[in-house]
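1. Build the 3D model from these lines:
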Amino acid sequence: MDEHNAMSMDLDFLELPQNFEWDSFIDDQTLSQIGQPYPPKSLYMLCVGILRYFRECGIHENFLDEKDSKFYEFRRILSARMSELTVSGVGTRPKQAEPISTETETELWEKRLLGDVTGKALLNTMFFYNCKLFGLRGVDEHRGMEIDLIELGFDKYGHFLKFKGRSNKTFKGGLAQRHVQAKEIVHHFQNMKLYNMHQKYIEIITKCGESRAFYRRALENGPDNELRFSQQAIGVNKLAAIMKTMFLEAGIPGYFTNHSGKRTLATTLYQAGVPEQEMMERTGHRSVESVRKYKRPSTDMLKDISNLLEPQQSEQMDIVNQEPPQKVI
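-> The predicted structure follows:
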């Protein structure tokens with residue numbers, strides 16, 4: 001089937017007949033596959049996706065351009081629809097992956113879902129710390145990852161692990177990004193146990209056939225309890241669910257996804273007081289606005305804020321509770 005005909009939306013609206021009903025058109029496009037309305041932001045991003053599709057089809061119309069009066073009615077009704085959804089409470093609290101606390105991370109180690117007791121645990125460890133140490137995105141930076149992108153070494157600061165990135169969501173290497181460099185991050189270890197696990201994993205998978213894929217399917221331990229991996233790379237669907245599966249197996253409640261690793265990195269640095277510029281160097285964000293979305297205050301920070309806003313109990317509240325002085329007649 002022609003990919004330009006694969007889109008279910010009718011493109012005839014671009015001809016703009018005088019009796020075109022924008023209300024009906026937008027209502028038809030604002031329901032998800034399960035019959036629920038899209039959140040306002042998702043609705044806007046759908047429009048952005050449609051524009052991208054138009055460009056691929058050679059259609060150079062921009063119905064979101066405020067200078068184009070031809071689509072004024074569309075934008076007016078779209079804005080009204082987004083406002084209605086917001087008033088109705090749809091999408092006012094977008095669901096975001098939770099950062100992983102130090103206590104939760106420790107629990108994963110204690111339950112042997114992280115570590116090197118089994119191949120699966122070692123695979124989880126590689127994935128988890130590639131997310132946390134280098135701020136790798138949920139799937140796209142992991143999917144094409146090869147052994148050559150990870151370098152182990154030693155310098156005057158100690159043992160290190162270097163990630164040498166290629167293309168990703170924010171770096172495609174085209175003309176517009178000719179001055180932008182691919183992500184390259186060096187992490188120096190204090191915890192040699194984690195360094196040794198990376199070294200161990202790379203040594204094992206390097207011996208498993210000619211495949212250069214970094215993430216390999218974990219096998220059952222061998223007769224002598226040795227760790228084993230297949231030369232087969234992990235499929236994209238399984239790769240996309242590694243974090244979710246790990247937390248389900250641990251019985252830890254919460255909304256944890258592959259994106260939790262990157263959010264944990266940003267949140268940890270923010271709570272430690274690391275400046276935004278240094279945070280961006282590690283997370284790979286190209287704007288301050290983007291990195292700020294990933295920051296999460298700790299429970300202690302929120303409690304301190306609450307305490308600051310309350311009256312000082314020892315002074316203000318005691319004054320209120322004092323009995324008024326008696327009048328002298």
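2. okay, now the domains of this protein?
-> The chain is divided into the following domains under automatic domain parsing: 9-87, 102-292.
3. Give me the secondary structure label for G138.
-> Under DSSP: H, G, I helix; E, B strand; the rest coil, G138 falls in the coil class.
4. What score does the nearest residue to it once chain neighbours are set aside have for pLDDT?
-> Nearest residue to G138 in three dimensions, chain neighbours excluded: N258, at 3.8 Å (Cβ to Cβ, 6 or more residues apart in numbering). Heads up, the C-betas are built off the backbone N, CA and C, glycines and all. In this model, N258 is scored at 91, pLDDT.
5. Ok, Y44 next?
-> Y44 carries a pLDDT value of 86.
6. if I pick it, what's in contact with it?
-> 78, 82 (Cβ atoms under 8 Å, 6 or more residues apart in numbering).
7. distance of it from Y38?
-> 9 Å (Cβ to Cβ, to the nearest Å).
8. Does F163 fall in a helix, a strand, or a coil region?
-> Going by three-state DSSP: F163 is strand.
9. Do I have it right that it meets F214?
-> No. When contacts are counted by Cβ atoms under 8 Å, F163 is not listed as touching F214 (10.5 Å).
10. Could you pull out the residues contacting both of those two?
-> By Cβ under 8 Å, 6+ apart, the residues touching both F163 and F214 are 149-150.
11. Any idea which of the domains of the chain has the lowest pLDDT on average?
-> Across the domains of the chain, domain 9-87 gives the lowest mean pLDDT, at a mean of 74.
12. hey, where'd the strands end up in the stretch 151-300 of the chain?
-> 158-164, 184-188, 216-218, 229-233 (DSSP state E, counting those that start in this stretch).
13. quick one: contacts of the third one?
-> Think strand 216-218. 118-120, 122-123, 205, 208, 228-234.
14. Parallel or antiparallel, list what pairs with that strand.
-> The pairing partners recorded for strand 216-218 under DSSP bridges are strand 229-233 (antiparallel).
15. Buried residues, the strand it pairs with. List them.
-> Buried residues in strand 229-233, counted by 16 or more other Cβ atoms under 10 Å: 229, 233.
16. For that strand, output the C-alpha coordinates as CSV.
-> Backbone C-alpha positions of strand 229-233 (Å, rounded to 0.1, in the frame of the first residue of the first chain) are rendered in CSV as follows:
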residue,chain,number,x,y,z
PHE,A,229,24.6,-14.9,26.9
SER,A,230,23.4,-15.6,23.5
GLN,A,231,24.9,-14.0,20.4
GLN,A,232,21.4,-12.9,19.6
ALA,A,233,20.6,-9.2,20.4
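17. Give me the contacts around it.
-> Counting by Cβ under 8 Å, 6+ apart, 119, 123, 204-205, 208-211, 213, 215-219 sit against strand 229-233.
18. Highest mean neighbour count out of the domains of the chain?
-> domain 102-292 (a mean of 16; mean count of other Cβ atoms under 10 Å).
19. on that earlier part again, closest one to N307 among the strands of the stretch 151-300 of the chain?
-> strand 184-188 (35.7 Å; Cβ to Cβ).
20. Name every strand pairing with the closest one and say which way it goes.
-> By DSSP bridges, strand 184-188 pairs with strand 158-164 (antiparallel).
21. Quick one: distance of the strand it pairs with to the chain centre.
-> 23 Å (Cα atoms, centre = their mean, to the nearest Å).
22. then it to CSV, C-alphas only?
-> What follows is strand 158-164, C-alpha atoms only, in CSV (Å, rounded to 0.1, in the frame of the first residue of the first chain):
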residue,chain,number,x,y,z
GLY,A,158,41.3,6.2,38.1
HIS,A,159,39.3,3.6,36.2
PHE,A,160,36.7,5.0,33.8
LEU,A,161,33.9,4.0,31.5
LYS,A,162,33.4,6.1,28.3
PHE,A,163,30.2,6.2,26.3
LYS,A,164,30.7,7.3,22.6
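23. Give me the phi and psi for I150.
-> Per-residue torsions, I150: phi -110, psi 130 (degrees, to the nearest 10).
24. How much space separates it from L227?
-> On the measure of Cβ to Cβ, I150 and L227 end up 18 Å apart.
25. In helices only, show me the contacts of strand 229-233.
-> Members of these lying in helices (criterion: DSSP state H): 119, 123, 204-205.
26. would you list the residues you listed in a markdown table and tack on distance to L133?
-> As requested, these are arranged in a markdown table below (distance: Cβ to Cβ, whole Å):
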| residue | distance to L133 |
| --- | --- |
| G119 | 21 |
| L123 | 16 |
| I204 | 20 |
| I205 | 19 |
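27. ok, the residues you listed vs R52, which is closest?
-> L123 (34.8 Å).
28. Distance of the closest residue to that closest one other than its chain neighbours relative to T268?
-> Spatially, and ignoring its direct neighbours in sequence, L123 is nearest to A218 (4.8 Å; Cβ to Cβ, 6+ apart). Distance, A218 to T268, by Cβ to Cβ: 27 Å.
29. Okay then, goodbye and thanks.
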